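Novice: task: produce atomic coordinates for the following.
(2 chains)
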Amino acid sequence: SAVISQKPSRDICQRGTSLTIQCQVDSQVTMMFWYRQQPGQSLTLIATANQGSEATYESGFVIDKFPISRPNLTFSTLTVSNMSPEDSSIYLCSVDHSGVGTEAFFGQGTRLTVV
Amino acid sequence: QKEVEQNSGPLSVPEGAIASLNCTYSDRGSQSFFWYRQYSGKSPELIMFIYSNGDKEDGRFTAQLNKASQYVSLLIRDSQPSDSATYLCAVRKSGGSYIPTFGRGTSLIVHP
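Specialist: Next up is the predicted model:
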């Protein structure tokens, strides 16, 4: 299994500001994903972070709001831009270590509160 | 119809009992099925995956898959209070996408 370090683990931010979340994996992985989990809800995929190219966003999520970087096969960042209270959620980094969809592992998550 | 459906619960069982968690999915061509456990305030942790019809056992956990009826279940034998968590079902659909779709999860409470 992959060891995934995600930081910060939590933050309280002012509306209108931006927060960048980092995800570091201890080995090279093919696929990295960013999810959002709102209170009492399941995981919603935001985007797939592609190494060397623009991220692939799911319906309802746009690059201007959630810019993603993936400079190499072990690291990715997600920025939540121009935050509003509706962005308060847990954000999770996930990797598919096998690269063939056999299993996925998650970082510890970032609990974001926007005030 | 949601792609992956779970009863949100809570499901309450006494310690030592069998907890049965169920999940149905809409895409008949789905290929891979996963169960994750998520403790409050923590990230999901993969506990089992299953690809073929039938049962797959791992310790106190048994995953059951019935593709004809489009459901997958998780049985937890000899339930312990430490099993109290939300259990997420995830399904990887057909068509080449490797990204799983998650259900909303079932909250399990094991009381002493």
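Novice: stretch B:30-42 near chain A anywhere?
Specialist: Yes - counting by C-beta under 8 Å from any C-beta of the partner chain, chain A is contacted by stretch B:30-42 at B:Ser32, B:Phe34, B:Gly41, B:Lys42. In short, each C-beta sits where N, CA and C put it, glycine included.
Novice: by neighbours, which of the residues you listed wins?
Specialist: B:Phe34 (24 neighbours; other C-beta atoms under 10 Å in any protein chain shown).
Novice: contact residues of chain B facing chain A?
Specialist: So chain B meets chain A at B:32, B:34, B:41-46, B:49, B:88, B:90, B:92, B:97-100, B:102-105 (C-beta under 8 Å from any C-beta).
Novice: can you give me the strands in chain A?
Specialist: A:4-7, A:10-13, A:19-25, A:31-37, A:43-49, A:56-57, A:68-72, A:75-80, A:89-96, A:105-106, A:110-114 (DSSP state E).
Novice: contact partners of the fourth one?
Specialist: The one in question is strand A:31-37. With contact meaning C-beta atoms under 8 Å, 6 or more residues apart in numbering or on different chains, strand A:31-37 is reached by A:23, A:25, A:43-49, A:66, A:68, A:70, A:76, A:78, A:89-96, A:99, A:104, A:106, A:109, B:98-99.
Novice: run the last query once more with 7 Å
Specialist: Residues external to strand A:31-37 that are found in contact with it (C-beta atoms under 7 Å, 6 or more residues apart in numbering or on different chains): A:23, A:43-49, A:68, A:70, A:76, A:78, A:89-96, A:99, B:98-99.
Novice: which ones among the residues of stretch B:30-42 next to chain A lie within strands?
Specialist: Using DSSP E, the residues of stretch B:30-42 next to chain A in strands are B:Ser32, B:Phe34.
Novice: any stretches of chain A with poor pLDDT?
Specialist: A:1, A:97-103 (pLDDT under 70).
Novice: ugh, wrong one, I meant chain B
Specialist: In chain B, residues with pLDDT under 70: B:1, B:94-98.
Novice: B:Ser82: how many residues sit nearby?
Specialist: Count around B:Ser82 with other C-beta under 10 Å applied: 9.
Novice: which residue packs closest to it, ignoring adjacent ones?
Specialist: Leaving aside its sequence neighbours, B:Ser82 sits nearest to B:Val110 (C-beta to C-beta, 6 or more residues apart in numbering or on different chains; 7.8 Å).
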